[in-house]
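*Asks:* following is a predicted model, sequence given first.
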Amino acid sequence: MITAPNTDPGRYGEEGFCLFRDVLSSAEIDATRAELDNLIASMPKRQVVYKDGENREVDARPEYLTEPHPRHSFWLELCRHPRVLDAVEQVLGPDLILIMSHLIVKRAGDGLPVAWHQDNTYWHSVQGTEVTTVWLAIDDTDQANGCMQVIPCTHEGYPELDKISTGADDLLGLTVEVTPEMEKAAVCLEMAAGSMSVHDSFVLHGSDSNTSGRRRAAYTMRYANARTVSVKTDEHWVPVYLVRGEAGEAASKYVDIRPGRELPPPLP
Ligand SMILES: O=C(O)CCC(=O)C(=O)O
């Protein structure tokens, strides 16, 4: 049985995720898709990616388009889109920093699966629990093309689960122990392009491979509560941006791109 995903931001704290439908207009999502197509067309043949717990050089795949936002104003602008931030504010509060982003594109017919994992155990420079990922659908997504799946409430108590090798060809090469009962409780986040989900950095989530004839593209934008989460910016691999509200004493470590501020020049 497919359980309907939570769409009530008031239940985010308990469930660990929430779906927001129709956040971007069709014109905005068409422009996003065109920008993504350009980026994919200019991809190198080989790429260094973090996989199986280390940096490895692999054949480039569009699942690994990490951190486009410091290098392309389009993606940075999207990360401060007011309707995206309104949704994030509903779950994290009004003071927000942008800490990372990642385009995860599963090509038609051979999109990599993403094994069950928590995000926080990959981000040692980020300390705190009020961290969330926006998963914006650039293409329509459903079970057939490998939509995201979440196991509700698994962030409870903020456990840090041990990672084990999958020994398989998947995005991360690592997973965590998940019982059949837990797996049975998973919720599929099927949604149309322009909709988005948010998920807690401790909640278990993943996705199947894409064996359908349709691409599945998503843009993940990662945010934290600027007041309760601290980022060791000297160990973090991209600049951290203040996108809304105030960051208190930590503000000087962040690039201020709140509304009305000019974006910094793209990094090379
Ligand atoms: O796009 C997917 O299927 C997985 C996304 C994911 O693991 C994440 O956003 O943290």
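*Replies:* It's in.
*Asks:* ranges for the strands of the stretch 101-250 of the chain?
*Replies:* Counting by DSSP state E, counting those that start in this stretch, the stretch 101-250 of the chain has strands at residues 114-117, 126-127, 131-137, 148-151, 164-165, 174-175, 187-188, 196-200, 204-207, 216-225, 230-231, 241-244.
*Asks:* near the ligand at all, the first one?
*Replies:* In other words, strand 114-117. Yes: part of strand 114-117 sits near the ligand under the criterion Cβ under 6 Å from any ligand atom, namely Val114. No exception for glycine: its C-beta is placed from N, CA and C like everyone else's.
*Asks:* other residues contacting that strand?
*Replies:* Identification of contacts with strand 114-117 by Cβ atoms under 8 Å, 6 or more residues apart in numbering yields 104, 151, 163, 166, 168, 170-172, 174-176, 178, 183, 204-207.
*Asks:* need the strands of the stretch 101-250 of the chain in JSON lines (columns: mean neighbour count and mean pLDDT).
*Replies:* As requested, the strands of the stretch 101-250 of the chain are exported to JSON lines (neighbours: other Cβ atoms under 10 Å; pLDDT from 0 to 100):
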{"stretch": "strand 114-117", "mean neighbour count": "21", "mean pLDDT": "98"}
{"stretch": "strand 126-127", "mean neighbour count": "18", "mean pLDDT": "98"}
{"stretch": "strand 131-137", "mean neighbour count": "26", "mean pLDDT": "98"}
{"stretch": "strand 148-151", "mean neighbour count": "24", "mean pLDDT": "98"}
{"stretch": "strand 164-165", "mean neighbour count": "12", "mean pLDDT": "94"}
{"stretch": "strand 174-175", "mean neighbour count": "20", "mean pLDDT": "95"}
{"stretch": "strand 187-188", "mean neighbour count": "19", "mean pLDDT": "97"}
{"stretch": "strand 196-200", "mean neighbour count": "27", "mean pLDDT": "98"}
{"stretch": "strand 204-207", "mean neighbour count": "26", "mean pLDDT": "98"}
{"stretch": "strand 216-225", "mean neighbour count": "24", "mean pLDDT": "98"}
{"stretch": "strand 230-231", "mean neighbour count": "18", "mean pLDDT": "98"}
{"stretch": "strand 241-244", "mean neighbour count": "24", "mean pLDDT": "98"}
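*Asks:* let's have those in TSV, adding distance to Ser252.
*Replies:* Below are the strands of the stretch 101-250 of the chain laid out as TSV (distance: least, Cβ to Cβ, whole Å):
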stretch	distance to Ser252
strand 114-117	33
strand 126-127	18
strand 131-137	21
strand 148-151	35
strand 164-165	40
strand 174-175	35
strand 187-188	40
strand 196-200	28
strand 204-207	34
strand 216-225	17
strand 230-231	13
strand 241-244	10
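*Asks:* wait, which of those strands is closest to Ala251?
*Replies:* strand 241-244 (6.4 Å; Cβ to Cβ).
*Asks:* circling back to that earlier point, so for Lys45, which of the strands of the stretch 101-250 of the chain sits nearest?
*Replies:* strand 216-225 (20.3 Å).
*Asks:* just checking, what packs against that closest one?
*Replies:* helix 26-41, helix 73-79, helix 82-92, strand 96-106, strand 131-137 (3 or more Cβ pairs under 8 Å, 6 or more residues apart in numbering; DSSP states H and E).
*Asks:* who does it pair up with?
*Replies:* Sheet pairing of strand 216-225 (DSSP bridges) gives strand 96-106 (antiparallel), strand 131-137 (antiparallel).
*Asks:* go through those strands and name the closest to Pro264.
*Replies:* strand 96-106 (12.6 Å).
*Asks:* beta partners of the spatially closest residue to Tyr219 that is not a sequence neighbour?
*Replies:* For Tyr219, ignoring the flanking residues on the chain, the nearest one in space by Cβ to Cβ, 6 or more residues apart in numbering is Leu136 at 4.6 Å. For Leu136, the beta-bridge partners are Met196, Tyr219 (DSSP bridges).
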